[in-house]
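Peer 1: My questions are about this predicted structure, shown below with the sequence.
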Amino acid sequence: MKLLTFKGGVHPPYRKELASSKPIEVLPPPSVVKVFLANHGGAPAKLLVKEGDVVKLGQKIGEAAGFISANVHASLAGTVKGVEKILHPIQERPMEAVVIEKSEGVEEWELITPHGDFNRFTPKEVVDIIREAGIVGLGGAMFPTHVKLVPPEGKKVDLLVINGAECEPYLTVDHRLMLEKSAEIVKGVKVLMHALGVTRAIVGIESNKFDAVEKMKAVCRGEPIEVAVLKTKYPQGAEKQLIYALTKRIVPSGGLPLDVGVVVQNVGTCFAVYEAVEHGKPLIERCLTVTGKGVKNTANLVVRIGTLTSTILDHVGGFADNVDRVLFGGPMMGIAVRSLDTPILKGTSGITVLTKEEVKGPPQKSCIRCSRCVEACPMNLQPYLLDLLAKKRLYDQAVEQGLMDCIECGSCSYICPSGIEHVKSIKLAKKVYRALRGGGKK
Ligand code: SF4
Ligand code: SF4
């Protein structure tokens with residue numbers, strides 16, 4: 001069988017076997033959650049509650065503040081204890097989180113109305129439900145889903161791509177979702193097709209999840225949804241690489257999938273869309289993988305948004321020996337968590353705990369001009385040069401060399417025999433450049 005793929009990329013140790021056979025289980029509701037108002041890309045939500053308020057499960061506690069923003073809902077039925085400023089794991093600065101303490105007894109839901117069979121609704125009504133439910137991209141990007149479903153004037157979408165690649169090493173949550181919730185995911189895909197007005201969708205899955213390929217193919221039989229097998233190669237699930245592998249369409253530099261008529265959604269997002277439209281459930285929980293050799297037990301868990309990292313780690317028996325770091329996400333693109341009190345976000349696809357042996361790389365040396373980073377870069381960039389320009393603070397030159405096209409996949413750092421951490425200097429340079437340009441993206 002010919003496997004679809006892209007140019008470049010790397011083959012890090014995948015270590016999916018640590019958690020891939022663990023069925024999804026539900027973490028019991030914790031006694032407290034801390035829900036960031038910035039639980040998505042764009043503007044943080046506007047606070048709707050105050051200390052002492054009693055909230056139902058799914059009640060809106062933060063209202064989307066602008067077009068690129070998302071609603072935030074109570075992930076516990078209980079009492080609002082206040083609003084704390086906590087170090088945000090992505091924004092890297094203290095940001096407001098609503099603290100909710102769980103009430104005794106059965107939790108009462110506040111569901112979205114109306115909801116039900118999507119065929120009853122117009123595309124706009126479907127988008128309204130998705131917006132109301134606060135759904136964001138659950139692959140990690142956390143971009144508000146409703147925004148992607150309303151293409152700007154003049155842009156025509158003809159294809160929905162569903163990302164089931166899960167190329168990030170260690171993580172297995174999308175794999176488990178496709179095995180255990182395939183019918184629900186496909187219903188979510190059909191809802192999204194209806195919202196976008198497209199007649200075709202492709203689900204892309206890496207070849208290391210062949211059981212999920214078979215399962216999804218069986219459920220998609222008779223539907224206008226194709227299941228395609230992708231080569232197992234990192235970063236196969238990055239949007240531009242996924243679109244190229246499946247369609248040979250090339251998203252232009254600085255452009256979006258919309259520019260080539262495509263919208264991409266993750267399988268977890270499809271499940272959340274199904275739950276919102278069919279059952280009226282706002283996004284108050286998500287599935288994530290707890291994995292790595294640094295935890296006593298691995299798991300795939302349904303966890304309430306805002307649950308503290310420590311609560312989740314306690315559930316799996318805590319740390320094993322020799323722990324080096326705790327990451328939100330996997331080892332390639334994950335973000336180091338500085339405190340175990342950090343609450344999970346809507347985009348937290350996994351908690352990976354790595355041991356000292358797992359993070360050991362080559363000692364840092366000077367670049368030997370071997371060009372391995374250039375061969376590995378899926379964006380056709382010259383990572384060694386970007387690293388050099390970034391370190392010399394020559395930001396304009398770095399931008400000319402494609403700095404802003406870097407997808408921060410870390411393939412260059414992974415492959416480098418000199419242990420150069422290009423992605424660190426590139427990320428910093430992008431941040432500084434944006435700040436110097438007054439927050440603009442380019
Ligand atoms: S892989 Fe490392 S050593 Fe080789 S060219 Fe790139 S930066 Fe230099
Ligand atoms: S330069 Fe950016 S896109 Fe290229 S390999 Fe490095 S991190 Fe990935």
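Peer 2: Nice, thanks for sending it over. Ligands and ions are numbered 1, 2, ... in the order given.
Peer 1: in the sheet, who's paired with the spatially closest residue to Ile24 that is not a sequence neighbour?
Peer 2: Nearest residue to Ile24, sequence neighbours excluded (Cβ to Cβ, 6 or more residues apart in numbering): Asn300, at 4.7 Å. Backbone N, C-alpha and C define where each C-beta goes, glycine included. Counting by DSSP bridges, Asn300 forms beta bridges with Ile24, Thr289.
Peer 1: Helix, strand or coil: sort out Ile130 for me.
Peer 2: Three-state call for Ile130 (DSSP: H, G, I helix; E, B strand; the rest coil): helix.
Peer 1: Can you report phi and psi for the closest residue to it other than its chain neighbours?
Peer 2: Residue nearest to Ile130 in three dimensions, not counting chain neighbours: His146, with 4.9 Å by Cβ to Cβ, 6+ apart. With angles defined as degrees, to the nearest 10, His146 sits at phi -60, psi -30.
Peer 1: okay, now the closest residue to ligand 2 within the stretch 51-200 of the chain: neighbour count?
Peer 2: Relative to ligand 2, the nearest point of the stretch 51-200 of the chain is Cys167 (12.5 Å; Cβ to the nearest ligand atom). If you count neighbours by other Cβ atoms under 10 Å, Cys167 ends up with 27.
Peer 1: Could you verify my assumption that it touches Lys233?
Peer 2: Yes: if you go by Cβ atoms under 8 Å, Cys167 and Lys233 touch, sitting 7.2 Å apart.
Peer 1: Pull up the overlap in contacts between these two.
Peer 2: Common neighbours of Cys167 and Lys233 (criterion: Cβ atoms under 8 Å, 6 or more residues apart in numbering): Glu206.
Peer 1: Skip the chain neighbours and tell me the closest residue to Ile129.
Peer 2: Using Cβ to Cβ, 6+ apart, the nearest residue to Ile129 is Val277, at 5.2 Å.
Peer 1: Do me a favour and average the pLDDT over the strand or helix carrying the one you found.
Peer 2: Using DSSP states H and E, Val277 sits in helix 267-279. In this model, helix 267-279 has a mean pLDDT of 98.
Peer 1: Please apply the same query to stretch 249-257.
Peer 2: On average, stretch 249-257 scores 95.
Peer 1: So what would you say the end-to-end distance of that stretch is?
Peer 2: One end of stretch 249-257 sits 9 Å from the other (Cα to Cα, to the nearest Å).
Peer 1: got the buried residues for that stretch?
Peer 2: 251, 256-257 (16 or more other Cβ atoms under 10 Å).
Peer 1: Tell me the one of those residues nearest ligand 2?
Peer 2: Val251 (13.4 Å).
Peer 1: Let me know the secondary structure of the closest one.
Peer 2: On the basis of three-state DSSP, Val251 is classed as coil.
Peer 1: Show the backbone phi and psi for it.
Peer 2: According to degrees, to the nearest 10, Val251 has phi -70, psi 130.
Peer 1: hmm, back to that, can you show me the CA trace of the helix holding Val277 as CSV?
Peer 2: Taking Å, rounded to 0.1, in the frame of the first residue of the first chain, the C-alpha atoms of helix 267-279 are listed here in CSV:
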residue,chain,number,x,y,z
VAL,A,267,-11.0,13.9,15.7
GLY,A,268,-11.4,15.1,19.3
THR,A,269,-13.0,18.3,18.1
CYS,A,270,-15.4,16.2,15.9
PHE,A,271,-16.4,14.3,19.1
ALA,A,272,-16.9,17.5,21.0
VAL,A,273,-19.1,18.9,18.1
TYR,A,274,-21.2,15.8,18.2
GLU,A,275,-21.7,16.1,22.0
ALA,A,276,-22.7,19.8,21.7
VAL,A,277,-25.0,19.6,18.7
GLU,A,278,-26.7,16.3,19.5
HIS,A,279,-26.7,16.4,23.3
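Peer 1: Return the distance of it from the chain's centre.
Peer 2: When distances are taken as Cα atoms, centre = their mean, to the nearest Å, helix 267-279 is centred 15 Å away from the chain's centroid.
Peer 1: do the same with stretch 351-366
Peer 2: That offset, for stretch 351-366, works out to 23 Å (Cα atoms, centre = their mean).
Peer 1: Buried residues, that stretch. List them.
Peer 2: 351-355, 358.
Peer 1: end to end, how far does that stretch reach?
Peer 2: 33 Å.
Peer 1: Neighbours of Asp341, how many?
Peer 2: Other residues lying near Asp341 total 14 when counted by other Cβ under 10 Å.
Peer 1: What score does the closest residue in space to it that isn't next to it in sequence have for pLDDT?
Peer 2: Nearest non-adjacent residue to Asp341, counting by Cβ to Cβ, 6+ apart: Leu308, 5.5 Å away. Note for Leu308: predicted pLDDT of 98.
Peer 1: which residues does Leu308 contact?
Peer 2: 30, 32-34, 340-344 are the contacts of Leu308 under Cβ under 8 Å, 6+ apart.
Peer 1: Who does it form a beta bridge with?
Peer 2: Bridge pairing for Leu308 (DSSP bridges) gives the partners Pro343.
Peer 1: And Val33, by the same measure?
Peer 2: Ile100.
Peer 1: coming back round to it: how far away is the residue nearest to Ile129 from ligand 1?
Peer 2: 47 Å (Cβ to the nearest ligand atom, to the nearest Å).
Peer 1: Can you get me a residue count around whichever residue of the stretch 51-200 of the chain sits closest to ligand 1?
Peer 2: The minimum distance from the stretch 51-200 of the chain to ligand 1, using Cβ to the nearest ligand atom, falls at Pro169 (19.5 Å). The local packing of Pro169 (other Cβ under 10 Å) involves 21 other residues.
Peer 1: show me the contacts for it.
Peer 2: By Cβ under 8 Å, 6+ apart, the residues touching Pro169 are 12-16, 234, 330-332.
Peer 1: Buried members of the residues you listed into ChimeraX, please.
Peer 2: Filtering those down to the buried ones (16+ other Cβ under 10 Å) takes a single ChimeraX command:
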select :12,14,15,16,234,330,331,332
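Peer 1: Which of the contacts of Pro169 sits closest to Ser425?
Peer 2: Taking Cβ to Cβ as the measure, Ser425 lies nearest Met332 of these, at 16.8 Å.
Peer 1: before we move on, back to that, would you reformat the contacts of Pro169 as TSV and include distance to Met216, pLDDT and secondary structure?
Peer 2: Listed next are the contacts of Pro169 as TSV, based on distance: Cβ to Cβ, whole Å; pLDDT from 0 to 100; DSSP: H, G, I helix; E, B strand; the rest coil:
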residue	distance to Met216	pLDDT	secondary structure
Pro12	25	96	coil
Pro13	26	95	coil
Tyr14	20	96	coil
Arg15	23	97	coil
Lys16	17	98	helix
Tyr234	21	98	strand
Gly330	22	97	coil
Pro331	26	96	coil
Met332	24	96	coil
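Peer 1: I'd like the contacts of Pro169 as JSON lines, with distance to ligand 1 appended.
Peer 2: What follows is the contacts of Pro169, written out as JSON lines (distance: Cβ to the nearest ligand atom, whole Å):
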{"residue": "Pro12", "distance to ligand 1": "15"}
{"residue": "Pro13", "distance to ligand 1": "19"}
{"residue": "Tyr14", "distance to ligand 1": "21"}
{"residue": "Arg15", "distance to ligand 1": "23"}
{"residue": "Lys16", "distance to ligand 1": "26"}
{"residue": "Tyr234", "distance to ligand 1": "16"}
{"residue": "Gly330", "distance to ligand 1": "21"}
{"residue": "Pro331", "distance to ligand 1": "18"}
{"residue": "Met332", "distance to ligand 1": "16"}
